[in-house]
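S.K.: Could you work out the structure for the sequence below:
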Amino acid sequence: MATHENCREANNKKTQIKELLQSKPPSDLNSLLTINLSTLKTHYESQVPESKTLNLAVNLRSQSQSWTIWACPRCSLTFTQPQFLSHHVLEAHLRPNKELFSLLPKKAERRIVDEFLSDSSQPEAIRSAVQKLKTFDVLTETQLNILYKIDKPLKIREMVAFVEDLVSECSSSSSCSDKSEESEDERILVDGSKLVLNVKNAEALFSWLYDDEEEETGFCEWDDLKREKRNRGDEIIEKIEKELEILETICIKKHSLLRYKNAVVILEKVFLDLVARTGQNQEAVMRKIRGDLAERSGNDNDVLRHVAANVHKEVASMKASKMRNLVKVAMKEDTSTVEAFKMLNWDSDFEVAKCDAKLIRKSIELKLLEVKLEHAAALDHLAVVEPLVKSYLRRRKLNLMMLLKNEIKSEGVNRSKSWKAFQRAQLVCT
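M.R.: Numbering: from 1, shown residues only. Next up is the predicted model:
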């Protein structure tokens, strides 16, 4: 019974305070919304962890205009900006091969993309897919370049499938990376030697004081929170490390593909020059080139020999296809070798473009992990200051209620006098 009476009395007091608060404009609430730092520090001076963190947090807010610092999960070094943390983790703890980063794809110029989209001779399916890639801003120069080289139905279908897969892979990740959290207004501001509650009206103040009244606001969770965030941050760094290893592997593959592509270009130039100078047929010229390469050593010549062998295979495949289809080519000279070089050029471009697609995806995933790391490493001192301030206000509020109890004895008491009593009590409890 006593407990029930206590609850009813407490609710009555809440109702009285709510009515008093709502009866006055926000400007009259300033004295309640403003707390002297010296008073707050005195209140917690006997509690060393709380007092120390309160001083640190207030100094941080005064110097950097923020309650938040970012602490490296690996070495605990702190930063006032999240991008400084990201740079530190990359340089001090991950140390990726920066030379490989030069192989990351360059985005296609918007002007060139628009020109492609306005070209009515391009297949509609590809233009539609390119429009989607343009929307997500993930179309690279290599991908756009090979789109201009398509001249066969089979290759068009292959390219459409590739671009659609790229759209599917990048769309969700890109849209996630573009989302930015809206910044909330700071609930507590520092104004010289005072803390000011950033509460817009009496209703908001009442809710802030009472909504979670039964919750514990102990300080002991702060150290646990820092430990949890440090562990989480370290897990994210490990994920970034693994993603960087995959990124480096893709870059190495792309480097190999670019060497091959360059070898195709060189060998094709040598081939065409020899055909023009000697007047020999294409097969004879390629036999001579393969013979010369067989006598040379070195990595570069190994790649050239590999290209020459692939040209030979393509030519043989083309001839076999013509024989199967009983196609008789009425030309002065067989152009299979030229066609083979053209095919190798397109295929090498296509493989590089697929590598670029994987690099784009990995870059997006790394960016998302970077955002997660910044969130995990963020130490929001307002998270500990706010419970301290709220706890302090609640204790002051309880004393305030005791003083008001003697002055507001019945519902018939004049509201203006009640408000003056409220203000006098508040001054006593400041």
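
S.K.: so where's the stretch 101-250 of the chain shaky on pLDDT?
M.R.: By pLDDT under 70, the low-scoring segments of the stretch 101-250 of the chain are 149-155, 169-185, 209-221.

S.K.: Can you show me the strands along it?
M.R.: Ranges of strands within the stretch 101-250 of the chain are 188-191, 194-197, based on DSSP state E, counting those that start in this stretch.

S.K.: How far does the first one sit from its chain's centre?
M.R.: Pointing back at strand 188-191 there. Its chain's average C-alpha position is 30 Å from that of strand 188-191, according to Cα atoms, centre = their mean, to the nearest Å.

S.K.: ditto for stretch 97-111
M.R.: Counting by Cα atoms, centre = their mean, stretch 97-111 comes out at 18 Å from the chain centroid.

S.K.: What residues sit buried inside it?
M.R.: For stretch 97-111, a neighbour-count test (16 or more other Cβ atoms under 10 Å) marks 100, 103, 104, 105, 108 as buried. All C-beta atoms are positioned from the backbone trio N, CA, C, and that covers glycine.

S.K.: give the contact list for residue 84.
M.R.: Residue 84 makes contact with residue 70, according to Cβ atoms under 8 Å, 6 or more residues apart in numbering.

S.K.: Any idea which residue is closest to the centre of the protein?
M.R.: Taking Cα atoms, centre = their mean, the centroid of the chain lies closest to residue 368, which sits 3.2 Å from it.

S.K.: how much space between that residue and residue 90?
M.R.: Distance, residue 368 to residue 90, by Cβ to Cβ, to the nearest Å: 15 Å.

S.K.: same question, residue 256
M.R.: 25 Å.

S.K.: Ok, residue 361 next?
M.R.: Distance from residue 361 to residue 90, counting by Cβ to Cβ: 19 Å.

S.K.: And for residue 30?
M.R.: Using Cβ to Cβ, residue 30 is found at 47 Å from residue 90.

S.K.: now residue 133
M.R.: Distance, residue 133 to residue 90, by Cβ to Cβ: 28 Å.

S.K.: Of the two, which one has the most company?
M.R.: Set side by side, residue 133 and residue 90 give different neighbour counts by other Cβ atoms under 10 Å, the larger being at residue 133 (24 against 16).

S.K.: The residue nearest to the centre of the chain and residue 314: what is the separation?
M.R.: For residue 368, the distance to residue 314 - Cβ to Cβ - is 41 Å.

S.K.: Contacts made by stretch 251-266 with the rest, please.
M.R.: For stretch 251-266, contacts defined as Cβ under 8 Å, 6+ apart pick out 97, 100-101, 103-104, 300, 303-304, 306-307, 341, 344-345, 348-349, 351-352, 355-356, 359.

S.K.: Flag every buried residue along that stretch.
M.R.: Here stretch 251-266 shows 251, 253, 254, 257, 258, 260, 261, 263, 264 as buried, counting by 16+ other Cβ under 10 Å.

S.K.: Now do the fifth one against residue 103, distance only.
M.R.: Taking Cβ to Cβ as the measure, residue 258 falls 8 Å from residue 103.

S.K.: The second one too?
M.R.: Noted for residue 253: a distance of 10 Å to residue 103, by Cβ to Cβ.

S.K.: now swap in the first one and tell me
M.R.: In this view, residue 251 and residue 103 are 5 Å apart by Cβ to Cβ.

S.K.: One more: the last one?
M.R.: Separation of residue 264 from residue 103 (Cβ to Cβ): 18 Å.

S.K.: all helices for the stretch 101-250 of the chain, in order.
M.R.: Ranges of helices in the stretch 101-250 of the chain, per DSSP state H, counting those that start in this stretch, are 110-117, 124-136, 141-147, 153-178, 202-210, 221-278.

S.K.: Out of those helices, which is closest to residue 192?
M.R.: Across the helices of the stretch 101-250 of the chain, residue 192 has its closest neighbour in helix 202-210 (21.7 Å, Cβ to Cβ).
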